[in-house]
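J.: below are the sequence and a predicted model; questions follow.
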Amino acid sequence: MDLDRRFRLDNHSKIALVGGGGKTTLMFQLARDFGKKVICTTSTHLALDQLGAADKHFIITAPADLPGPDVDFPGDVLLFTGPQVETNRMGSPSPALLEDLAGLADSWDCPLIIESDGARKLPIKAPAEHEPPIPGFVNVVITVIGLSGLGKPLRGDWVHRPELYSKLVDLPLGETLESHHLIKGLISPEGGVKNIPPGARRILLINQIDSFPNWKTFYEQMDLLLDHFSLVGFSVLEDQMLLEVHERIAGVVLAAGGSSRFGEPKQLLDWHGKPLVRHVVELATAGGLNPVVVVTGADHDAVSEALRGSRIEVACNPGWESGQSSSVRVGIEALPGDLGGAVFLLVDQPLISPELIQKIVQQHQRTQAAIVLPVIEGNAGNPVLFDRQVFTDLTLLGGDVGGRALFEKFPVCQVAWGDKRSQEDIDTPEDYQRIRFGEEC
């Protein structure tokens, strides 16, 4: 499933799993996907029938029970719990021992995964006052919810703590659970984001989508979900399938050039009653890119004025004459930190469609490829999406070199596109007349 890569996790990740609908399955699948030593534990309870998913199980009640940093064990998935507390459940190590496990993970340079919630194997839950017990050192929290409870009545055979969930989402007991109820619970400070440590990354995993054919209705509220989570995934964990990962994808409009061949600022050309730069910004917004950054340089004041009232950020490149690489760098540096990637658009390509942008972004949601671009009649085209893993390399480019210089370093995912005219650009007044007024190529 490649969960570690697609969730952007690394050896320093200390991950808490909360919610319902597949947490334990996720813990062991994620541990396997790391492909190296991983510490797994719980801050609540773990069922006895789930212990076999680990390569080795340790019961710890004191620091002396912990292995030393130089001790090696066969297998990768090492599970640490407290002693058995019920007929069918193991307890949690003490809070102090959880801190020690975090230190051991640092010594071993490996991830730590903590199941930090209990849902009695139900797909949906509301946390009690004391839940979820997330240790303060956690830097990633994955909230899980199962769609097998969607469309079902709000009662105890589908929801853990149904009375609390009824209050949380304002739905009477016994009434049908709909997607907007689940979303309300997920984004509530008393629900899906409760007790998350400050600064921790928030990931939402919507699991069991095979039980709800209309799971894509969640797209309608994706902006709202991404206001509360940096990443939203859709999965069928039992079948080891992670179908899509949604993140904020920014738009960067490169509009810094001096238009020397054209003879006047191309950014300000009339495009059906509006400046060309504003038209391209609207294409980016209509394609779902958010935020949108416009990199200016030559004619900065006039271009900024043309964008007045737009919900975008203008980033001025004082070194625009040094080449496109400097504008790419300024654009990257203007972006917020928690993005999945950015689509780069050129201000002189007005025939790019929102549908093409959406298709490129959708391909990234399915693959999280380093680079995604359209291919038209066998030729690489624009715009190009660069995953955040490429950002550092983009900032290191020099001269009049764009992101295409990285195509040999990173794998490129292609999207077939049939509209050849989308790639036309305005270099001369003749190009403008032909493209603007629809003359034949």
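T.: Now that the structure is in, tell me what you want to look at.

J.: residue ranges with poor pLDDT in this structure?
T.: 439-441 (pLDDT under 70).

J.: could you count how many residues lie near the residue nearest to Asn88 when sequence neighbours are not counted?
T.: Of all residues not flanking Asn88 in the chain, Leu48 sits nearest, at 5.1 Å (CB to CB, 6 or more residues apart in numbering). In this view, the C-beta of every residue, glycine as well, is placed from N, C-alpha and C. By other CB atoms under 10 Å, 12 other residues sit near Leu48.

J.: what's Leu48 sitting at in phi/psi?
T.: Dihedral pair for Leu48: phi -60, psi -30, per degrees, to the nearest 10.

J.: Gly118 contacts Ala47, doesn't it?
T.: No: proximity of Gly118 to Ala47 does not meet the contact threshold set by CB atoms under 8 Å, at 9.6 Å.

J.: okay, these two: which has more neighbours?
T.: Just comparing Gly118 and Ala47: by other CB under 10 Å the higher neighbour count belongs to Gly118, 24 against 14.

J.: ok now do the more buried one, which residues does it touch?
T.: Counting by CB atoms under 8 Å, 6 or more residues apart in numbering, Gly118 touches Thr44, His45, Glu131, His160.

J.: then Leu168?
T.: By CB under 8 Å, 6+ apart, Leu168 lies in contact with Ala126, Lys184, Gly185, Ser188, Glu190, Gly191.

J.: mind checking what secondary structure the fifth one has?
T.: By that I understand Glu190. Using DSSP: H, G, I helix; E, B strand; the rest coil, the structure places Glu190 in coil.

J.: one more: the third one?
T.: Here Gly185 is recorded as helix under three-state DSSP.

J.: can you pull the contacts of the closest residue to it other than its chain neighbours?
T.: With CB to CB, 6+ apart as the criterion, Gly185 has its nearest non-adjacent residue at 4.2 Å, and that residue is Gly191. Contacts for Gly191 (CB under 8 Å, 6+ apart) come out as Ala126, Pro127, Leu168, Val169, Lys184, Gly185.

J.: quick revisit: how much space separates the residue nearest to Asn88 from Gly91?
T.: With distances taken as CB to CB, to the nearest Å, Leu48 is found 11 Å from Gly91.

J.: list residues touching both of these two?
T.: Gln84.

J.: just checking, Cys204 touches Ser230?
T.: No, residue 204 isn't Cys; it's Leu. No: in this structure, Leu204 is not within contact of Ser230 by CB under 8 Å, at 9.0 Å.

J.: which stretches of this structure form helices?
T.: Taking DSSP state H to define them, one finds helices in the chain at 3-6, 23-34, 95-108, 162-169, 179-187, 222-226, 276-286, 300-306, 324-333, 354-367, 391-395, 429-436.

J.: hmm, Pro354 is touching Leu289, no?
T.: No: contact criterion CB under 8 Å: Pro354 and Leu289 do not qualify, at 9.3 Å.

J.: please say which of these two ends up with more neighbours.
T.: Using other CB under 10 Å, the more surrounded residue of Pro354 and Leu289 is Leu289, with 27 against 15.

J.: residue contacts, the nearest residue to the more buried one once chain neighbours are set aside?
T.: Distance criterion CB to CB, 6+ apart; nearest residue to Leu289, sequence neighbours excluded, is Gly251 at 3.3 Å. By CB under 8 Å, 6+ apart, Gly251 lies in contact with 281, 284-285, 287, 289-293, 342-343, 345, 357.

J.: same question, Pro95
T.: Pro95 sits next to Ser43, Pro135 when contact means CB under 8 Å, 6+ apart.
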